[in-house]
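**Q** give me the fold of what follows.
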Amino acid sequence: MKVPPGVQTENPGMVCKLQKSIYGLKQASRQWHNKLTAVLIQSGFSKSVADYSLFVKNFESSFTAILVYVDDLILTGNNINEINHMKQLLDSEFSIKDLGKLKFFLGMEIARSTQGIFLYQRKYALDLLQETGMLAAKPSSTPMEYSTKLIHSKCGDLLPNPNIFRSKKQKTVSRSSAEAEYREIALAACEAQWLVHLLQDLTVHHSEPVMLYCDNQSALYIAANPVFHERTKHIEIDCHSVRERIQSGLIHLLSIHTTFQIADIFTKSLSPQLFRNIRSKLGILDIHMPACGGLLESNNVLNTNQDANCNIEENEEESLRR
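**A** Numbers count the residues shown, from 1 in each chain. The predicted structure is shown next:
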């Protein structure tokens, strides 16, 4: 590190050797992660290849996992004795603060019941509405206006800098809708493979192929046809890895009608009826419904305020802060 101001040195080109990393230095986060990794590996944990922030430990029927974000840790497992042992070990090494059962992490809120664990972002949504001054606004039936049509007109002023309005999501230009759909299938296949590897690290084995639904017949034909031709020779080689994943049994492509494509709720402006129909298929529950006293499940009333009923299949989640 550079010599602090006010310290006299014989050679102005000399620097100080860092003996111990502290907060505020660029090396602090790296040194902290290296130290934590060394302690966990020495304790029998292994680092996940799919996610380097995940550490897992399997011993006979005991399973323990630790998820790390900077200096915040989530500790979970099916053996309460192992969880308590790790809490004592981490406290002796780093002087951690035990925050109890996980309720809030990275903007995500957690509610528990005997039916399972529910994730929601109510506080985050309310903060966005408050920042934009729309907290008292009337709710809309759909997030996007579905009846608006763009018209061609020569009226109006030119944009001073059109580049600020350009989209940065798509890195390449597709020559057809089929090519665009095929590229998205390739990206979805990569995500599916990553999820399968992550589930394996969590001792969840997924032996069946991952179902991918596509509403573009041309894209399905390209994925099924192993022969290159004029229409697909310009597509990058890495996009054609879809065929390899299909042959290996990792994914299975299925055709679906556009009306039933659930992904359209995130990409298209839908009518209120179609929007509600697709939304009902996402498994979303309103745990704050007033009719149920603020607690809801589709058929059974959930109790998310009682900590006594927080055990789910004898799993314990703990939130730890260094």
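**Q** got the phi/psi numbers for His85?
**A** The phi/psi pair for His85 (degrees, to the nearest 10) reads phi -60, psi -40.
**Q** ok, it to Arg112 distance?
**A** His85 sits 23 Å away from Arg112, going by Cβ to Cβ, to the nearest Å. Heads up, the C-betas are built off the backbone N, CA and C, glycines and all.
**Q** more neighbours, the two?
**A** Comparing His85 with Arg112 by neighbour count (other Cβ atoms under 10 Å), the higher total belongs to Arg112, at 22 against 13.
**Q** let me know the pLDDT of that one.
**A** Arg112 carries a pLDDT score of 81 in this model.
**Q** in its sheet, what does whichever strand or helix holds it sit against?
**A** In this assignment (DSSP states H and E), Arg112 forms part of strand 108-113. Paired with strand 108-113 in the same sheet, following DSSP bridges, are strand 104-105 (antiparallel), strand 116-120 (antiparallel).
**Q** okay, buried residues for the longest one please.
**A** Spelled out, it's strand 116-120. 118, 120 (16 or more other Cβ atoms under 10 Å).
**Q** show me the shaky parts of this protein.
**A** 1, 18-25, 150-153, 159, 161-176, 226-239, 288-322 (pLDDT under 70).
**Q** can you pull out the strands in it?
**A** Per DSSP state E, the chain carries strands over the ranges 46-47, 54-59, 62-69, 72-77, 97-98, 104-105, 108-113, 116-120, 210-214, 251-255, 316-321.
**Q** the second one packs against which elements?
**A** Using 3 or more Cβ pairs under 8 Å, 6 or more residues apart in numbering; DSSP states H and E as the contact criterion, the secondary-structure elements in contact with strand 54-59 are helix 28-42, strand 46-47, strand 62-69, helix 177-201.
**Q** make TSV out of these and add mean neighbour count and distance to Gly107.
**A** Shown next, in TSV, are the helices and strands packed on strand 54-59 (neighbours: other Cβ atoms under 10 Å; distance: least, Cβ to Cβ, whole Å):
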stretch	mean neighbour count	distance to Gly107
helix 28-42	14	20
strand 46-47	14	25
strand 62-69	18	11
helix 177-201	17	21
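**Q** so what's Cys214 bridging to?
**A** When bridges are called by DSSP bridges, Cys214 pairs up with Ser255.
**Q** my read: it touches Ile185, true?
**A** Yes. The pair Cys214 / Ile185 is scored as a contact, 6.1 Å apart, by Cβ atoms under 8 Å.
**Q** shared neighbours, the two?
**A** Leu253 (Cβ atoms under 8 Å, 6 or more residues apart in numbering).
**Q** so which of the strands of the chain comes closest to Asp201?
**A** strand 54-59 (5.5 Å; Cβ to Cβ).
**Q** so how far is that closest one off the chain centroid?
**A** With Cα atoms, centre = their mean, to the nearest Å as the basis, strand 54-59 stands 20 Å off its chain's centre.
**Q** now do stretch 205-220
**A** For stretch 205-220, the distance to the chain centre is 20 Å (Cα atoms, centre = their mean).
**Q** now what about it, what contacts it?
**A** 176-179, 181-182, 185, 188-189, 192, 195-196, 199-200, 249-258, 261-262.
**Q** mind redoing it with 7 Å?
**A** By Cβ atoms under 7 Å, 6 or more residues apart in numbering, the list of residues contacting stretch 205-220 from outside reads 177-178, 181-182, 185, 188-189, 192, 196, 199, 249-258, 261.
**Q** repeat that for stretch 256-275.
**A** Stretch 256-275 is contacted from outside by 141-142, 144-146, 213-215, 278-279, 281-282, using Cβ under 7 Å, 6+ apart.
**Q** what are the buried residues along that stretch?
**A** 261, 264-265, 270, 274-275.
**Q** tell me the one of those nearest Phe59?
**A** Ile265 (42.7 Å).
**Q** how about the helices in the stretch 201-322 of the chain?
**A** Along the stretch 201-322 of the chain, the stretches classed as helices by DSSP state H, counting those that start in this stretch are 217-224, 241-247, 264-267, 272-279.
**Q** and of those, who's closest to Thr64?
**A** Here helix 241-247 is closest among the helices of the stretch 201-322 of the chain (Cβ to Cβ), at 31.4 Å.
**Q** show me what the closest one is packed against.
**A** Helices and strands touching helix 241-247, by 3 or more Cβ pairs under 7 Å, 6 or more residues apart in numbering; DSSP states H and E, are helix 177-201, helix 217-224.
**Q** reformat these as TSV; add distance to Leu67.
**A** Converted to TSV, these look like this (distance: least, Cβ to Cβ, whole Å):
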stretch	distance to Leu67
helix 177-201	11
helix 217-224	34
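**Q** what's the closest of those to Ala137?
**A** Closest to Ala137 of the helices and strands packed on helix 241-247 is helix 177-201 (Cβ to Cβ; 33.3 Å).
**Q** follow-up on the earlier one: for Ser62, find the nearest of the helices of the stretch 201-322 of the chain.
**A** For Ser62, the closest of the helices of the stretch 201-322 of the chain is helix 241-247, at 33.5 Å, according to Cβ to Cβ.
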